[in-house]
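Engineer: here is the input, now give the coordinates:
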Amino acid sequence: MHLHILGICGTFMGGIALLARAAGHRVTGCDANVYPPMSNQLAASGIELINGWDVEQIALQPDVFVIGNVVTRGNPLMEEILERGFPYISGPQWLRENVLAGRWVLAVAGTHGKTTVASMLAWILEEAGLEPGFLIGGIPGNFGVSARLNPPQPPFAKGGSQAPLRPIPKGGSQAALRPTPKGGGEPVTPPFDKGGQGGFFVVEADEYDTAFFDKRSKFVHYPARTAILNNLEFDHADIFPDLAAIETQFHHFVRTLPASGLIVANGTDAALARVLARGCYTPVERFGVTDGWAANAVAVGGFDVLWRSEKQGRVQWSLQGAHNQANALAAIAAARHCGVAPAQAIAALGGFQGVKRRMEVRGIVNGVTVYDDFAHHPTAIAATLEGLRAKVNSGPPPTGSGKLRASMAGALPASGVASTPEGAEPAPPSGGRILAVLEPRSSTMKAGVMKDRLTASLAGADRVYCYSAGLQWDAAAALAQLGAKAEVHADFGRLLEAVSAAAKPGDHIVIMSNGGFNGIHGKLLARLAKSF
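Structural biologist: Residues are numbered from 1 along each chain as shown. Okay, here's the model as predicted:
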């Protein structure tokens, strides 16, 4: 079939495009501004990209238009599709019908950590030889792509219809589909035929709405057998009026899970406890609690994994922060449901290379380390700074001359060294200040819903720089309690100058945004290179 995808450069819709292309479909797509990194992934896969929403794209005559949630009524191309009565479908619905059906789906939901946990889980299954497919809202360092269709689908029949997949037996009668033993004994029997004819598939299960014509959360479309509920806070103020509305969507998701499945839930999260108390028909394993999965930190770079107080092994890695330990516990528990022994999962995490834009080192110039992080919610901001502080206070001094030792996101020629996800980067300098550079870019942050929590979330930084362009609230007033250590700039050039002027050898600059932030990473590294 020929699919034309509207909003193709978003991480989710771009992943849909890659999966469809791998399945043998012809794929084209458009977006308001065709942009990397997704545009680069798509072009490398031979997918034709069109910039903008002009109605002439109708002439492509695809079999179906796949609509991303960035598209609204009034979009000229969408209006023409509706006017002519052409077939269209949402991205999540297409994914369910054409990829997830017949597979053992592992869905990772939560306000924070979805991308990291999904990446960890996919890597554990890969190391166990289970060859998972995946669709993740970021680029895992171990795979280098955000989506993969594997094992391959059965051959396509004439007319583009897919040969039927063998369904999972009703009631989960196969030994492979037994839920994890309540007593926490041995892992379940490895799944028959690697999770069914379609294999295992890890999907980042987003609570954001599906499309302008389907306001349910994306994850209700995903027929999960194993589900991770990582945490739940208020976010997405543009579509949800309050936390209770999000809890209702999570409960809709919980109600779709089979009795032979497994829910891996954060046992310390009150909102998730309320969700499960509304009705749960699936076994639950909790993490972060002594009667479930727990982590005991033993030293920097490692922690012990416990299941009901019994040690399962020690994770040894370079990731920092209690949030990453919790992420790892969730991934280990979910993998166990698929037949991967905890010891095997723990060993796999030792080789986990992190995710791009999750504390990714973008460059080191004369002892100044610049990080890129996706944090944009106060909870995520606080966790990022806590993890970095632990790393800064414990890391060994850097080796080498102190010159630029990583990519400068375009400031270097193509022959420069590639940027390095957390888990593989050179150790940063010991000690030093943390300079937090924040762009409150999400709809929730722009509206000021979380402004009163910002001061506390940024307390772990030595200096704070906030970019206030486009905000509907007074950032200077909101951060006034931080005193002289906080600066607010509405002009990007002045912000860039202030950060580069303040930086000293040994500093750690962490840039936090869920967008491109005007290419600040490369521009800052270029300035720093000239300043010393």
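Engineer: so where's the stretch 151-300 of the chain shaky on pLDDT?
Structural biologist: 151-198, 236-238, 298-300 (pLDDT under 70).
Engineer: go on, the stretch 1-150 of the chain?
Structural biologist: Within the stretch 1-150 of the chain, the ranges that satisfy pLDDT under 70 run 35-37.
Engineer: can you pull out the helices in it?
Structural biologist: 11-22, 38-44, 76-84, 91-95, 114-127 (DSSP state H, counting those that start in this stretch).
Engineer: export those as JSON lines, with columns for distance to residue 211 and mean neighbour count.
Structural biologist: For glycine as for every other residue, the C-beta is placed from the backbone atoms N, C-alpha and C. Converted to JSON lines, those look like this (distance: least, CB to CB, whole Å; neighbours: other CB atoms under 10 Å):
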{"stretch": "helix 11-22", "distance to residue 211": "11", "mean neighbour count": "24"}
{"stretch": "helix 38-44", "distance to residue 211": "19", "mean neighbour count": "18"}
{"stretch": "helix 76-84", "distance to residue 211": "10", "mean neighbour count": "15"}
{"stretch": "helix 91-95", "distance to residue 211": "7", "mean neighbour count": "23"}
{"stretch": "helix 114-127", "distance to residue 211": "20", "mean neighbour count": "27"}
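Engineer: gap between the nearest residue to residue 46 once chain neighbours are set aside and residue 135?
Structural biologist: The spatial neighbour of residue 46 that comes closest, neighbours along the chain excluded (CB to CB, 6 or more residues apart in numbering), is residue 21 at 7.1 Å. Here the criterion is CB to CB, to the nearest Å. By it, residue 21 lies 13 Å from residue 135.
Engineer: again, but for residue 277
Structural biologist: Relative to residue 135, and taking CB to CB, residue 277 is found at 30 Å.
Engineer: between these two, tell me which one has more neighbours.
Structural biologist: residue 135 (27 against 9; other CB atoms under 10 Å).
Engineer: and residue 522, which of the three is it?
Structural biologist: helix (DSSP: H, G, I helix; E, B strand; the rest coil).
Engineer: ok, the one 5 residues further on next?
Structural biologist: Here residue 527 takes the helix state, with states given by three-state DSSP.
Engineer: do I have it right that it meets residue 493?
Structural biologist: No - with contact defined as CB atoms under 8 Å, residue 527 does not reach residue 493; the gap is 10.8 Å.
Engineer: so for those two, which sits in the more crowded spot?
Structural biologist: residue 527 (17 against 10).
Engineer: now the more buried one: closest residue in space that isn't a chain neighbour?
Structural biologist: residue 500 (4.0 Å).
Engineer: residues in contact with stretch 451-462?
Structural biologist: 378-379, 381-382, 385-386, 388-389, 433-436, 438, 440, 445, 464, 473, 475, 478-479, 481-482, 485-486, 510 (CB atoms under 8 Å, 6 or more residues apart in numbering).
Engineer: of those, grab the buried ones for ChimeraX.
Structural biologist: Per 16 or more other CB atoms under 10 Å, the buried members of the contacts of stretch 451-462 correspond to this ChimeraX selection:
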select :378,379,381,382,385,386,388,389,433,434,435,436,438,440,445,464,473,475,478,479,482,485,486,510
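Engineer: which of the contacts of stretch 451-462 fall in helices?
Structural biologist: The members of the contacts of stretch 451-462 that map onto helices under DSSP state H are 378-379, 381-382, 385-386, 388-389, 445, 475, 478.
Engineer: can I get these in CSV with distance to residue 114 and pLDDT?
Structural biologist: Converted to CSV, these look like this (distance: CB to CB, whole Å; pLDDT from 0 to 100):
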residue, distance to residue 114, pLDDT
378, 17, 81
379, 13, 80
381, 17, 84
382, 18, 85
385, 20, 84
386, 19, 81
388, 21, 80
389, 24, 80
445, 18, 73
475, 27, 82
478, 27, 83
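Engineer: quick one: which of those residues is nearest residue 333?
Structural biologist: residue 379 (21.6 Å; CB to CB).
Engineer: surely the closest one meets residue 110?
Structural biologist: No - applying CB under 8 Å, one finds residue 379 not in contact with residue 110, separated by 11.0 Å.
Engineer: between these two, what contacts are shared?
Structural biologist: Contacts common to residue 379 and residue 110, judged by CB under 8 Å, 6+ apart, are residue 231.
Engineer: find the nearest non-adjacent residue to the residue nearest to the spatial centre of the chain, please.
Structural biologist: By CA atoms, centre = their mean, the mean C-alpha position of the chain lies nearest to residue 115, the distance being 2.1 Å. Among residues not flanking residue 115 along the chain, residue 138 sits closest, at 4.0 Å (CB to CB, 6+ apart).
Engineer: go on, residue 266?
Structural biologist: That would be residue 231: by CB to CB, 6+ apart, it lies 5.2 Å from residue 266.
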